[in-house]
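A.B. asks: build me a model from this:
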Amino acid sequence: MPDNIEALKEKPWLLHPEKEGLGPVYYGFIHEDYHHIIHYEDGEVHIRETEYAVNYHGCVDAILADVEELRNFPGSLDFFKCDLTTRYSLKVLPRIYESMTRKDYIYKQDLLSMIKCE
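C.D. replies: All right, here's what the predicted structure looks like:
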């Protein structure tokens, strides 16, 4: 069996996610007691303006900014188990990371975002 088929078997959420789009990131960021403020409109994740959102974060825009910052690390889409159609954040320029063996590397998805920006 080809390697890409095996990879899909190891990561079933890529084709059959529990939540669509960036939903897994929002559900991972917001405490489970407040998951009711997350909803979908036209396939996009939205946050309801609630007392929790205002008192804890200041406003809904602050939550959105926090989530955007939270999801910007190598492998974040895999970590949160996002599906294949989830947009990779284009707001962050590619970063150079140092491996445990002290070698520099750039995460492949970071390169893809750079290519899309130009």
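A.B. asks: for this protein, what spans make up the helices?
C.D. replies: Ranges of helices within the chain are 3-10, 23-29, 51-52, 60-70, 76-79, 108-117, based on DSSP state H.
A.B. asks: and the longest one, what does it pack against?
C.D. replies: Using 3 or more Cβ pairs under 8 Å, 6 or more residues apart in numbering; DSSP states H and E as the contact criterion, the secondary-structure elements in contact with helix 60-70 are helix 23-29, strand 44-47. Where C-beta positions appear, they are placed from N, C-alpha and C, glycine not excepted.
A.B. asks: pick the most buried one from those.
C.D. replies: Mean neighbour count (mean count of other Cβ atoms under 10 Å) peaks for helix 23-29 among the helices and strands packed on helix 60-70, with a mean of 20.
A.B. asks: and the pLDDT at His39?
C.D. replies: Looking at His39, its pLDDT stands at 86.
A.B. asks: so who does the closest residue to it other than its chain neighbours touch?
C.D. replies: What sits nearest to His39 in space, not counting adjacent residues and going by Cβ to Cβ, 6 or more residues apart in numbering, is His46, at 5.6 Å. Counting by Cβ atoms under 8 Å, 6 or more residues apart in numbering, His46 touches 38-40.
A.B. asks: repeat that for Leu64.
C.D. replies: Taking Cβ under 8 Å, 6+ apart, we find Leu64 in contact with Ile47.
A.B. asks: state the distance from Asp33 to Val54.
C.D. replies: According to Cβ to Cβ, to the nearest Å, Asp33 stands 16 Å off from Val54.
A.B. asks: lovely, talk soon.
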